[in-house]
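> structure for this input, please:
(chains A and B)
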There are 2 protein chains.
Amino acid sequence: MDWREKLSNVIAANNSLLCVGLDSDTGKIPSFLKETSKNPLFDFNKAIIEATKDLVCAYKLNMAFYEVAGKTGIETLEKTIQHIPGDILVILDGKRNDIGNTAQKYAQSLFETLKADAVTINPYLGKDGVSPFLDYKEKCSFILCRTSNPSAGDFQDLLVSATPVYQMVARKIREWDTNKNCGAVVGATYPEELRIVRSILGDDIPILIPGVGKQGGDVEKTIKNGTNSHGEMALINSSREIIFAGSQQDFAEQARKKAETVRNDINKYR
Amino acid sequence: MDWREKLSNVIAANNSLLCVGLDSDTGKIPSFLKETSKNPLFDFNKAIIEATKDLVCAYKLNMAFYEVAGKTGIETLEKTIQHIPGDILVILDGKRNDIGNTAQKYAQSLFETLKADAVTINPYLGKDGVSPFLDYKEKCSFILCRTSNPSAGDFQDLLVSATPVYQMVARKIREWDTNKNCGAVVGATYPEELRIVRSILGDDIPILIPGVGKQGGDVEKTIKNGTNSHGEMALINSSREIIFAGSQQDFAEQARKKAETVRNDINKYR
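Residues are numbered from 1 along each chain as shown, chains lettered A, B, ... in the order given. Down below sits the predicted model:
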């Protein structure tokens, strides 16, 4: 199924724009799991998925947290992806980027080997580094536009004839969207920039929005500025705030409660 | 050993600025290997390393070619790194980038789990995405400055008060080099840009230069414009041209011959 249909179905079914980030840092998962489980990271993910799967539209797996464990980490990543119900969007957040022939290998790796529905990619190399991803017409590629971190402005705010670089990126995303499978990443920590990017992108391009929760982005502003005119096409990601809501035996239940709260918070402003 | 000492020793010992890129695309390795070997990719790398290790200063492994095989690819990457003699620089080319707490995981993954001496990283997120890499003081981080691909200019040539973005990146690299462990990536396909970046960086910051060989960068201009005033601090990468020089039983011997030619070509202009 095409990513757009899948996303639209799951948003409706779960009444949710919430994307839960499985940034499952082994240093932060409940310690009892490390004593009782053969693969604590996978069992942690499995429990979080079971507890939240009717509350989300997507899971986002940040690859750094898996790669750090070498080949066993990649195995856990693969197993986790297999465990996510087929009707929920799987976003692999790897921020990959390379020249054309190599970018093709990354695209193959993420979309075919790992079976992602969507990915995040970095635009610094320009169109030929992005095209191999966009050639997968059924898949969605979220292109970093305005990131959520404090130093985001180092290059993204540089003014090109009075237009900041991140807006130049947003314009390119719109230009590159000939297969209707581009998305943008914009941090919730920059609500005004989010508003501007939405106005550049129009109604059809989804925005993946990290930065609510621990990073401090405001939910109301995020929804008002980031959704399209129908209150959709925004995926609001929250990772640590949800998955590490509890650290005891009931961690999954705590994660579910937090996910429900965030989902409902989001819906208040749609 | 500190990356700088290691690099300087191996450049002297092998009289070489050549970095061989192990972009070992399984679709391109000799077909007889696929019939006779249990792990053709590793055996290919092993043979190339054996045949070229006295001719190079570094091996660069582009992670895309390994990730595409999932966990077995990562295993091959780990085994290949272990097989590279300890006196040769290992560069992991993954162009990683993320916000601070996640970038730290990537840095740990590359420098600790995979034991790289050096990495490539993408600067689009600004300083806090780069700092976790630079905190590894014994390791070198090559920051993408001017990439070698045709679309490099999409964002890198945008003018910020008459200064292109890639030069703003070069200035930041110099500013960020407080631990003396920054490098820059500049494509040989853009020799004039290479000259300008070298003049911004001064004598001490190494430049990793892909794009000679298949991509068409000129060796003479690359050396003249990319080395420092002592004819050093440039690592000239060639991948496909060397590792796929032959496709028969003697592929490693062919790779050696090509590596020797390229190494000597480079030395002519130092």
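> and the average pLDDT for stretch A:99-111 is what?
Stretch A:99-111 carries an average pLDDT of 96.
> what pLDDT, on average, does stretch A:182-193 get?
Mean pLDDT, stretch A:182-193: 96.
> strands along chain A, start to end?
For chain A, strands defined by DSSP state E occupy the ranges A:18-21, A:58-62, A:89-96, A:118-121, A:140-146, A:159-160, A:163-164, A:182-186, A:207-209, A:234-238.
> who touches the fourth one?
Right, the one you point to is strand A:118-121. A:3, A:58, A:89-97, A:107, A:110-111, A:129-130, A:133, A:139-144, A:183, A:185, A:208 (C-beta atoms under 8 Å, 6 or more residues apart in numbering or on different chains). For glycine as for every other residue, the C-beta is placed from the backbone atoms N, C-alpha and C.
> now swap in the first one and tell me
Counting by C-beta under 8 Å, 6+ apart, the neighbours of strand A:18-21 from elsewhere in the structure are A:48, A:52, A:55-62, A:89, A:91, A:93, A:208, A:210, A:235-240, A:242-243, A:259, A:262-263, A:266.
> partners of it, with directions?
strand A:58-62 (parallel), strand A:234-238 (parallel) (DSSP bridges).
> tell me the buried residues in that strand?
Within strand A:18-21, the residues that count as buried by 16 or more other C-beta atoms under 10 Å in any protein chain shown are A:18-21.
> how about the second one?
Using 16+ other C-beta under 10 Å as the test for burial, strand A:58-62 gives A:58-62.
> dump these to TSV, plus pLDDT.
Shown next, in TSV, are these (pLDDT from 0 to 100):
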residue	pLDDT
A:58	96
A:59	97
A:60	96
A:61	97
A:62	97
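> would you map the helices across chain A?
Taking DSSP state H as the test, the helices found in chain A are A:3-14, A:31-36, A:40-52, A:64-67, A:70-83, A:100-108, A:127-134, A:153-156, A:165-176, A:191-201, A:219-226, A:240-243, A:251-268.
> can you tell me which of the ones you listed is most buried?
helix A:64-67 (a mean of 26; mean count of other C-beta atoms under 10 Å in any protein chain shown).
> what is that one packed up against?
Counting by 3 or more C-beta pairs under 8 Å, 6 or more residues apart in numbering or on different chains; DSSP states H and E, the packing neighbours recorded for helix A:64-67 are helix A:70-83, helix B:100-108.
> mind saving the C-alpha coords of the first one as CSV?
What follows is the C-alpha trace of helix A:70-83 in CSV, where atoms were taken according to Å, rounded to 0.1, in the frame of the first residue of the first chain:
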residue,chain,number,x,y,z
GLY,A,70,26.6,-3.2,16.1
LYS,A,71,25.1,-6.1,14.3
THR,A,72,22.9,-7.2,17.2
GLY,A,73,21.4,-3.7,17.2
ILE,A,74,20.6,-4.0,13.6
GLU,A,75,19.0,-7.3,14.3
THR,A,76,16.8,-5.7,17.0
LEU,A,77,15.9,-2.9,14.6
GLU,A,78,14.8,-5.5,12.0
LYS,A,79,12.8,-7.5,14.6
THR,A,80,11.1,-4.4,15.9
ILE,A,81,10.1,-3.3,12.5
GLN,A,82,8.6,-6.7,11.8
HIS,A,83,6.7,-6.5,15.1
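> what packs against it?
Packed against helix A:70-83 by the contact rule (3+ C-beta pairs under 8 Å, 6+ apart) you find helix A:40-52, strand A:58-62, helix A:64-67, helix B:70-83.
> nearest residue to residue A:160 other than its sequence neighbours?
Excluding the flanking residues, the one nearest residue A:160 by C-beta to C-beta, 6 or more residues apart in numbering or on different chains is residue B:158, at 4.4 Å.
> for residue A:233, same thing?
Counting by C-beta to C-beta, 6+ apart, the residue nearest residue A:233 is residue A:206, at 4.6 Å.
> same question for residue A:253.
residue A:51 (6.5 Å).
> how much space separates residue A:31 from residue A:72?
In this view, residue A:31 and residue A:72 are 19 Å apart by C-beta to C-beta, to the nearest Å.
> contacts only, for the spatially closest residue to residue A:191 that is not a sequence neighbour.
Leaving aside its chain neighbours, residue A:191 sits nearest to residue A:221 (3.9 Å; criterion: C-beta to C-beta, 6+ apart). Contacts of residue A:221 were listed using C-beta under 8 Å, 6+ apart, and they are A:188, A:191, A:194.
> thanks again, I'm all set now.
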